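In: build the 3D model from these lines:
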Amino acid sequence: MLRSVALHLLTRPECSIYLVQAYILAEAPLIHFLLSKQRIILGIDPGTVIMGFGVVKQVREHVEILHYESIHLSTYATHALKLQKIFQHTLCLVKAWEPDEVALEAPFYGKNVQAMLKLGRAQGVAMAAALAREVSITEYAPRKVKQAITGNGHASKEQVAQMLAKMLRWPDLPGQPDATDALAVAVCHAYQDGKVTASPCTWGQWLQKNPTRMMKS
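Out: Numbers count the residues shown, from 1 in each chain. So this is what the prediction gives:
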């Protein structure tokens with residue numbers, strides 16, 4: 001917008017290059033302010049059988065859905081292949097939508113240790129895909145997401161989906177619980193407004209904070 005106005009001014013004989021430069025300098029802070037108030041958020045609901053993804057755009061208090069989907073991983077023979085698919089698909093979405101931030105639902109604690117381990121790996125490779133593109137990540141506990149969407153940390157998936165549909169004015173939310181959960185994580189992150197307790201970080205920042213966890217050759 002700023003560029004088009006400047007070009008238009010240059011076509012007018014009464015406008016000098018100095019006047020155009022003055023206009024740009026005057027309007028640049030406003031343009032920067034408007035752009036700084038919007039962001040794209042990729043929400044991820046980790047899973048080892050089905051994994052959900054949701055992309056939203058936030059402009060100040062307004063949030064709109066850009067994309068959502070689920071990927072089915074049961075067709076892959078080994079856990080390693082599932083992790084490879086998760087990494088590749090997450091990286092593909094990051095490249096396609098260029099999110100400013102990524103929000104993930106943290107694994108809940110369960111009695112099945114092996115299932116928890118596999119779920120943690122799924123979340124880890126998705127985080128690695130985002131960090132590889134220098135996109136900051138933030139984790140949210142399932143209860144935190146439910147609390148942010150419905151006001152009840154013990155709400156059911158159906159209640160979260162219903163409230164999410166009302167909040168986003170989107171009557172036809174996906175009939176995919178995992179994709180809906182991913183959208184819920186993204187919306188939860190959008191409404192935090194800087195009140196997030198976990199510190200988002202990039203891959204470089206993570207390495208600086210955890211130098212002892214680097215493998216030395």
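
In: only alpha carbons, please: show the helix or strand hosting Ala179 as CSV.
Out: Element membership of Ala179 [criterion: DSSP states H and E] is helix 177-190. Extracted in CSV, the C-alpha atoms of helix 177-190 (Å, rounded to 0.1, in the frame of the first residue of the first chain):
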residue,chain,number,x,y,z
PRO,A,177,-11.5,-34.1,16.3
ASP,A,178,-7.7,-33.8,16.0
ALA,A,179,-7.9,-30.9,13.5
THR,A,180,-10.4,-29.2,15.8
ASP,A,181,-8.0,-29.7,18.7
ALA,A,182,-5.2,-28.2,16.7
LEU,A,183,-7.3,-25.1,15.9
ALA,A,184,-8.1,-24.8,19.6
VAL,A,185,-4.4,-24.8,20.5
ALA,A,186,-3.8,-22.1,17.9
VAL,A,187,-6.7,-20.0,19.2
CYS,A,188,-5.6,-20.5,22.8
HIS,A,189,-2.2,-19.1,21.8
ALA,A,190,-3.7,-16.2,20.0
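
In: can you list contacts of that helix?
Out: Helix 177-190 is contacted from outside by 39, 41-45, 47, 50-56, 58, 63, 65, 68-70, 101, 103-105, 138, 140, 144-146, 148-149, 157, 160-161, 164, 167-168, 173-174, 196, using Cβ atoms under 8 Å, 6 or more residues apart in numbering. Backbone N, C-alpha and C define where each C-beta goes, glycine included.

In: stretch 146-159 too?
Out: Contact with stretch 146-159 is made by 140, 143-144, 160, 163-164, 167, 177, 180-181, 184, 187-188, 191-192, as judged by Cβ under 8 Å, 6+ apart.

In: so which bits of it are buried?
Out: 146-150, 155 (16 or more other Cβ atoms under 10 Å).

In: what's the farthest-apart pair in those?
Out: The span of the buried residues of stretch 146-159, defined through Cβ to Cβ, is set by Ala148 and Ala155 at 10.5 Å.

In: and the helix holding Ala179, average pLDDT?
Out: The average pLDDT within helix 177-190 is 95.

In: for Gln114, phi and psi?
Out: Phi and psi for Gln114, reported as degrees, to the nearest 10, are phi -70, psi -40.

In: distance of it from Arg121?
Out: 11 Å (Cβ to Cβ, to the nearest Å).

In: how about Pro107?
Out: Distance, Pro107 to Arg121, using Cβ to Cβ: 10 Å.

In: which residue of those two possesses the greater neighbour count?
Out: Set Pro107 next to Arg121 and count neighbours by other Cβ atoms under 10 Å: Pro107 wins out with 21 against 18.

In: is it correct that the more buried one is in contact with Leu119?
Out: Yes. Between Pro107 and Leu119 a contact is recorded at 4.5 Å, counting by Cβ atoms under 8 Å.

In: mutual contacts of these two, please.
Out: Pro46.

In: any idea how far stretch 156-166 is from the chain center?
Out: 19 Å (Cα atoms, centre = their mean, to the nearest Å).
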